[in-house]
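Novice: what's the 3D shape of this:
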Amino acid sequence: MAAIIEQHGKFLLVEETTDRGNRFNQPAGHLEENETIIEATIRETLEETAYDFTPEALVGIYHWQHPGNGITYLRFAFTGKLGTHYPEQALDDGILRTVWKTEAEIAAEGELMRSPQVLLCVQDYLAGKRYSLDILKHLGQAL
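Specialist: Numbering: from 1, shown residues only. As a prediction, the model looks like this:
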């Protein structure tokens, strides 16, 4: 899951430590047990940025295989409303700071992005791609 958050022409990113050095990414992460995709997006955004986030639309679903380690990533990217900031809250392990960057800055600093998904999500957002959250179906636990 990833949150595509824009304010005044800039996008909220996190700088994080990776095995390739420090890289920039949207607030993003993985599902935890018994968690919906929406809940994971809200939680990950809060943990990584100290901001509340309310997803309002799906921007896209992205499939990418990391060329270095062969891991395949499936990203559900959401846009929505940025809420309260909690500046006293510590950021998640591995997150160094939050930054705001324009699309041009993200494109120019492509080698510093965690993956090509970062720029593509921003470009899709700017192109107006939005899908209703109704497309997501959470069936709960299987019996």
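Novice: What segments of this protein are strands?
Specialist: Remark: strands assigned in the chain by DSSP state E are 2-4, 6-7, 10-18, 21-25, 51-65, 72-85, 95-101.
Novice: E32: which of the ones you listed is closest?
Specialist: strand 72-85 (14.7 Å; Cβ to Cβ). In this view, the C-beta of every residue, glycine as well, is placed from N, C-alpha and C.
Novice: how about the closest one: buried residues?
Specialist: Within strand 72-85, the residues that qualify as buried are R75, F76, A77, F78, T79, G80, L82, counting by 16 or more other Cβ atoms under 10 Å.
Novice: which helices and strands does that strand pack with?
Specialist: Secondary-structure packing of strand 72-85 (3 or more Cβ pairs under 8 Å, 6 or more residues apart in numbering; DSSP states H and E): strand 2-4, helix 37-49, strand 51-65, helix 117-126.
Novice: Columns mean neighbour count on top of those, output as JSON lines?
Specialist: Output for these, formatted as JSON lines (neighbours: other Cβ atoms under 10 Å):
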{"stretch": "strand 2-4", "mean neighbour count": "26"}
{"stretch": "helix 37-49", "mean neighbour count": "21"}
{"stretch": "strand 51-65", "mean neighbour count": "17"}
{"stretch": "helix 117-126", "mean neighbour count": "20"}
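Novice: quick one: which of these is nearest L136?
Specialist: Using Cβ to Cβ as the measure, helix 37-49 is the one of the helices and strands packed on strand 72-85 that comes nearest L136, at 5.8 Å.
Novice: List the contacts of the closest one.
Specialist: The contact list for helix 37-49 (Cβ atoms under 8 Å, 6 or more residues apart in numbering) reads 1-3, 5, 12, 14, 16, 27-32, 35, 51-55, 76, 78, 86, 89, 91-92, 95, 98, 133, 136, 138.
Novice: again, only this time at 7 Å
Specialist: Helix 37-49 has contacts (Cβ atoms under 7 Å, 6 or more residues apart in numbering) with 1, 3, 12, 14, 27-29, 31-32, 51-53, 55, 76, 78, 91-92, 95, 98, 133, 136.
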